[in-house]
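S.K.: attaching a predicted model along with its sequence, questions to come.
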Amino acid sequence: AHLDRIRAVEPQVKAYTLVTDDLALKQAEEADRRIASGEDLSPLTGIPIAIKDVICTKDIPTTCGSRMLENFKPPYNATVMEKLNKAGAVMLGKTNMDEFAMGSSTEHSAFFPTHNPWDLERAPGGSSGGSAAAVAAGMAMGAYGTDTGGSIRQPGSLCNVVGLKPTYGRVSRFGLVAFASSLDQIGPFTRNAQDAALMLQAVAGYDAQDATSSPQPVTDYTKELTGNIKGLRIGVPREYWVEGIQPGVEKVVREGIERLRELGAELVDVSLPHTKYGLAAYYIVAPAEASANLARYDGVKYGYSYRETSDMWEAMEKTRQYGFGAEVKRRIMLGTYALSAGYYDAYYKRAEQVRTLIKQDFVNVFKKVDALVSPTCPTVAFKLGEITDPYQMYLQDMFTIPANLAGICGVSIPAGFSEGLPVGLQLLGNDFAEGTILRIADAFQ
Ligand code: GLN
């Protein structure tokens, strides 16, 4: 049924870089066999899902939305893929994304933009726009994406699906192609909080192959979905209601907050005073890490290689000139500049200090409240081609970035519509409080 649906709507939406139909049918048959025998079942056995094309799939192209990796087939699976395969999940295909996950619209894909299923002239958000659009258009029951500065929550908001960024270290990054290693996390897109709980459960947990993986035990997320949020204290951060937020978005989110109150939560006015520095700190830290991580694409080890010269330096330069798109080059330039001798203290070190202040804001506020509520992003889905100024695009992430800098978890949930377009509400939770924010999300629906 999902492959039929893909055949019907994928030509308009373009959520997938690759549909693995033969593999999906084979995995579905195997799942049928497992279900019939009753052995070794998991909640994801036989469930058709999509995977962002930045997660390594053994012998299956993993492009990262880049010419650089257009023909790259990883020799191994990401830990997340190993877990999904063991669970018997069915992979429908790999989903489109901004090149190396840098962007908020999926327009930076080297191949084609993805269209928002709610209005095909609009962007689905990004960078995990393909995963969000696939779930929103019924082309997958769920999908995995990655969130470095908002790339799960923002497209979730723009496409009207649930998008969960787990706590840093909750899900293994082994086999996730690195963008900014201290910020990246893999998480699910689903239609509701129950599915998000199941999809997080399937991939969460310690992994010795990821040095930043957390040994914290994984709780049973589904058990935490009690439907009851009476007495929970939910903070409304003052700093998240700023100029630039569309009035229609603010209205829907304010109504959502009222709904949380009706459900029995206690809303508390709180302050996260360093919020306004989040964007600036992120756009130093993330490009700095990206510039180091992307140094590996030199045309020698893997990926695209410029071969029309015998000069080593020219080969490396041209490989990067032709292999990377404009946004990726911008980030590498920014990052190498911020890390260069003489500027390191002024930019990188300072940004990391600001990051500590932002983390401290959250540490302080989570002494008083169980979760926070805010808009996910300041706008509804914008038209493809409408945002051409990179700084304008970066503003999409102003409400999502602080969580990545602090490492805490967050989820965007559908909250309503403004002029026919979806609006997401963001719930932020303390480290490893995924169960709490999913409980609120579940009660809200
Ligand atoms: N839009 C942000 C960026 O371009 C976040 C991307 C992400 O979370 N991968 O860096």
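M.R.: Ah, there it is. All values reported here derive from a predicted model rather than from experimental measurement.
S.K.: for this structure, which segments count as helices?
M.R.: 2-13, 21-37, 79-87, 129-136, 153-159, 193-203, 247-262, 278-293, 312-323, 326-339, 350-365, 390-394, 401-406, 434-444 (DSSP state H).
S.K.: does the ligand sit close to the fourth one?
M.R.: If I follow you right, that is helix 129-136. No - Helix 129-136 stays clear of the ligand (Cβ under 6 Å from any ligand atom), getting no nearer than 10.6 Å. C-beta: built from backbone N, CA, C; applies to glycine.
S.K.: relative to helix 193-203, how tilted is that helix?
M.R.: 130 degrees (axes from the mean of the first three to the mean of the last three Cα atoms, to 10 degrees).
S.K.: only C-alpha atoms, please: export helix 129-136 in PDB.
M.R.: Output of helix 129-136 as PDB, limited to C-alpha atoms (Å, rounded to 0.1, in the frame of the first residue of the first chain):
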ATOM      1  CA  GLY A 129      12.300  17.800   4.700                       C
ATOM      2  CA  GLY A 130      12.100  14.500   2.800                       C
ATOM      3  CA  SER A 131      11.400  12.500   5.900                       C
ATOM      4  CA  ALA A 132       8.700  15.000   7.100                       C
ATOM      5  CA  ALA A 133       7.000  15.100   3.700                       C
ATOM      6  CA  ALA A 134       7.100  11.300   3.300                       C
ATOM      7  CA  VAL A 135       5.200  10.900   6.600                       C
ATOM      8  CA  ALA A 136       2.800  13.800   6.000                       C
END
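S.K.: Arg191 contacts Val162, doesn't it?
M.R.: Yes - taking Cβ atoms under 8 Å as the definition, Arg191 is a contact partner of Val162 at 6.8 Å.
S.K.: by contact count, what packs against the lowest-mean-pLDDT helix or strand in the chain?
M.R.: In the chain, no helix or strand scores lower on mean pLDDT, DSSP states H and E than helix 390-394, which sits at a mean of 91. Using 3 or more Cβ pairs under 8 Å, 6 or more residues apart in numbering; DSSP states H and E, no helix or strand is in contact with helix 390-394.
S.K.: one more pass at 10 Å, please.
M.R.: The helices and strands touching helix 390-394, judged by 3 or more Cβ pairs under 10 Å, 6 or more residues apart in numbering; DSSP states H and E, are helix 278-293, helix 326-339.
S.K.: adding distance to Pro113, write those helices out as JSON lines.
M.R.: Output for the helices and strands packed on helix 390-394, formatted as JSON lines (distance: least, Cβ to Cβ, whole Å):
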{"stretch": "helix 278-293", "distance to Pro113": "21"}
{"stretch": "helix 326-339", "distance to Pro113": "13"}
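S.K.: related to what we said a few turns ago, nearest to Thr167, of the helices of the chain?
M.R.: When the helices of the chain are compared by Cβ to Cβ, helix 434-444 sits nearest Thr167, at 6.7 Å.
S.K.: ok, back up a step: okay, the helices of the chain in a markdown table with mean neighbour count next?
M.R.: Below are these laid out as a markdown table (neighbours: other Cβ atoms under 10 Å):
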| stretch | mean neighbour count |
| --- | --- |
| helix 2-13 | 16 |
| helix 21-37 | 14 |
| helix 79-87 | 21 |
| helix 129-136 | 35 |
| helix 153-159 | 35 |
| helix 193-203 | 24 |
| helix 247-262 | 16 |
| helix 278-293 | 22 |
| helix 312-323 | 16 |
| helix 326-339 | 18 |
| helix 350-365 | 17 |
| helix 390-394 | 15 |
| helix 401-406 | 28 |
| helix 434-444 | 24 |
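S.K.: ok, of the ones you listed, where does mean pLDDT dip lowest?
M.R.: Lowest mean pLDDT within those: helix 390-394, at a mean of 91.
S.K.: any part of it near the ligand?
M.R.: No - with Cβ under 6 Å from any ligand atom as the criterion, the ligand is not reached by helix 390-394; the gap is at least 6.8 Å.
S.K.: what does this protein have sitting close to the ligand?
M.R.: With Cβ under 6 Å from any ligand atom as the criterion, the chain meets the ligand at residues 101-104, 127, 146-151, 179, 286, 397.
S.K.: hang on, isn't Thr336 packed against Asn293?
M.R.: No - here Thr336 lies out of contact with Asn293, judged by Cβ atoms under 10 Å, at a distance of 12.0 Å.
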